[in-house]
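Visitor: please work out how this folds:
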Amino acid sequence: MVLKRLLTLLFFAYIPLLLAQEEKVYFDDALSQHLRKYNNKSDLAIKNQMPPHEVDAIFDTLINTHLRSTYISDLKLKKVSGGTLYTENIDKPFLLITKNSAIIQTEEEIKTINAIANEYYGKVDIIILYWNSRDIAKREARQYNKNVTVVYADERHNNFNKALSALKHSFGVPACFYINQDKQISDIDRKFFLKNVNTLTKELFEEKAHRGISELLASQIDTAQHNTPKNHR
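Guide: Sure, this is the predicted structure:
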């Protein structure tokens with residue numbers, strides 16, 4: 001009788017763990033399920049000549065409703081310096097910024113990214129992912145300082161896995177994925193670039209990046225506090 005009760009208690013204690021595992025949703029799965037619907041909505045909005053901010057709101061809804069807090073699958077990214085970066089081995093929050101050399105970056109944008117990498121060194125990793133060949137990515141990497149990790153994915157080799165392909169074909173370039181220490185997406189900036197540089201646009205670009213990073217760091221503190229055992233008196 002005692003054994004039966006013990007097994008019953010263990011069963012009910014295990015149910016929350018099962019539910020937690022079932023609720024873990026990955027970015028590429030959520031994207032494949034919802035992106036087409038929102039692309040159709042966006043195409044219709046553009047066809048009906050809706051204002052740009054209303055078109056943007058369609059994708060903001062997609063991010064906020066279906067993609068925020070999803071998990072990224074483990075990625076293997078080739079570094080221009082040689083070797084491979086495994087996202088599963090990153091133990092801190094990080095920014096994954098997607099780029100393509102065909103889109104010209106302003107000098108101010110590069111300076112800002114370098115400054116952010118310096119300011120948050122040791123707290124947040126800054127990773128630039130170029131959808132280009134190694135030679136092109138290596139050339140572009142010269143613009144960044146030592147605190148920025150530059151990786152590349154050459155689609156000509158046609159060896160993209162599902163998770164990497166989802167990043168490529170989700171929001172294009174440039175985009176910035178804010179990812180916390182648990183590999184959950186905190187936010188996605190679909191327009192991570194500094195164009196038509198003036199004081200106002202530069203301040204807005206910096207403010208948006210710092211706000212996204214602040215959310216990542218706040219999430220890290222919350223997780224640490226939640227996992228810290230309480231002192232028993």
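Visitor: export stretch 162-175 as CSV, just CAs?
Guide: In CSV, the C-alpha atoms belonging to stretch 162-175 read as follows (Å, rounded to 0.1, in the frame of the first residue of the first chain):
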residue,chain,number,x,y,z
LYS,A,162,16.5,23.3,-41.2
ALA,A,163,17.3,25.6,-38.3
LEU,A,164,19.9,27.6,-40.2
SER,A,165,17.7,27.8,-43.3
ALA,A,166,14.9,29.2,-41.1
LEU,A,167,17.1,32.1,-40.1
LYS,A,168,18.1,32.7,-43.7
HIS,A,169,14.6,32.8,-45.1
SER,A,170,12.6,34.3,-42.2
PHE,A,171,13.2,38.0,-42.1
GLY,A,172,16.0,38.4,-44.7
VAL,A,173,18.9,40.8,-43.9
PRO,A,174,19.9,42.7,-42.0
ALA,A,175,18.1,41.3,-38.9
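Visitor: buried residues of it, list them for me.
Guide: 163-164, 166-168, 170-171, 173-175 (16 or more other C-beta atoms under 10 Å). Where C-beta positions appear, they are placed from N, C-alpha and C, glycine not excepted.
Visitor: then stretch 48-66?
Guide: Neighbour-count burial for stretch 48-66 [16+ other C-beta under 10 Å]: 55, 58-59, 62-63, 66.
Visitor: out of those residues, which comes closest to residue 180?
Guide: The nearest member of the buried residues of stretch 48-66 to residue 180, counting by C-beta to C-beta, is residue 63 at 15.2 Å.
Visitor: could you check how far the closest one is from residue 175?
Guide: 11 Å (C-beta to C-beta, to the nearest Å).
Visitor: identify the contacts common to these two.
Guide: Taking C-beta atoms under 8 Å, 6 or more residues apart in numbering as the criterion, residue 63 and residue 175 both touch 188, 190.
Visitor: so what's residue 116 closest to, chain neighbours aside?
Guide: Nearest residue to residue 116, sequence neighbours excluded (C-beta to C-beta, 6 or more residues apart in numbering): residue 209, at 5.8 Å.
Visitor: before we move on, the earlier item: farthest-separated two in the buried residues of stretch 162-175?
Guide: 163 and 174 (19.3 Å).
Visitor: what stretches of this structure score poorly on pLDDT?
Guide: 1-22, 157-160, 221-233 (pLDDT under 70).
Visitor: how about a cut-off of 50?
Guide: Applying pLDDT under 50 to the chain picks out residues 6-10, 12, 18-20, 232-233.
Visitor: need the residue closest to the centroid of it.
Guide: residue 177 (2.3 Å; C-alpha atoms, centre = their mean).
Visitor: which strands and helices lie in contact with the lengthiest helix in the chain?
Guide: When the chain is scanned for its longest helix (criterion: DSSP state H), the result is helix 199-227. On a contact count with 3 or more C-beta pairs under 8 Å, 6 or more residues apart in numbering; DSSP states H and E, helix 199-227 meets strand 94-99, helix 107-119, strand 175-179, strand 185-189.
Visitor: neighbours of residue 70, just the number please.
Guide: For residue 70, the neighbour count with other C-beta atoms under 10 Å is 18.
Visitor: now do the one 10 residues further on
Guide: Here the neighbour count serves as a burial measure; for residue 80 (other C-beta under 10 Å) it reads 22.
Visitor: for it, grab phi and psi.
Guide: phi -70, psi -20 (degrees, to the nearest 10).
Visitor: gap between it and residue 135?
Guide: Distance from residue 80 to residue 135, by C-beta to C-beta: 9 Å.
Visitor: break down the chain into its strands, ranges please.
Guide: Taking DSSP state E, the strands of the chain run over residues 76-79, 84-86, 94-99, 125-130, 148-152, 175-179, 185-189.
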